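Undergrad: Sequence isn't available, so here's the structure alone:
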């Protein structure tokens, strides 16, 4: 395999599919929760520069926010 030096792990697969890193996703969600528009826009610009599929990024953001909401309202 020409990509990933012969190995295909989760991070390599995510990059092949145009997805971002989990750290980048967390940073974006943190920026949204902090209402830090400048940081959120910078992370979107970074994702676009890196060639990430922004539709994929958006789906991941929505999934992360959904999970946070479920955690918040779920009974303990």
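TA: Received the coordinates, thanks. Quantities reported herein were computed from a predicted structural model and do not represent experimental measurements.
Undergrad: Tell me where the model's unsure across this structure.
TA: Judged by pLDDT under 70, the chain has its weakly predicted residues at 1-20, 76.
Undergrad: now the spatially most central residue of it: how far from residue 75?
TA: The chain has residue 25 as the residue nearest its centroid, 2.9 Å off, counting by CA atoms, centre = their mean. Separation of residue 25 from residue 75 (CB to CB, to the nearest Å): 27 Å. C-beta: built from backbone N, CA, C; applies to glycine.
Undergrad: Residue 36 too?
TA: 31 Å.
Undergrad: Hmm, residue 54 is touching residue 48, no?
TA: Yes: using CB atoms under 8 Å, residue 54 makes contact with residue 48 at a distance of 6.3 Å.
Undergrad: And the helix or strand harbouring residue 45, what's buried?
TA: In this structure, residue 45 sits in helix 37-49 according to DSSP states H and E. Neighbour-count burial for helix 37-49, counted by 16 or more other CB atoms under 10 Å, picks out 40, 43-44, 47.
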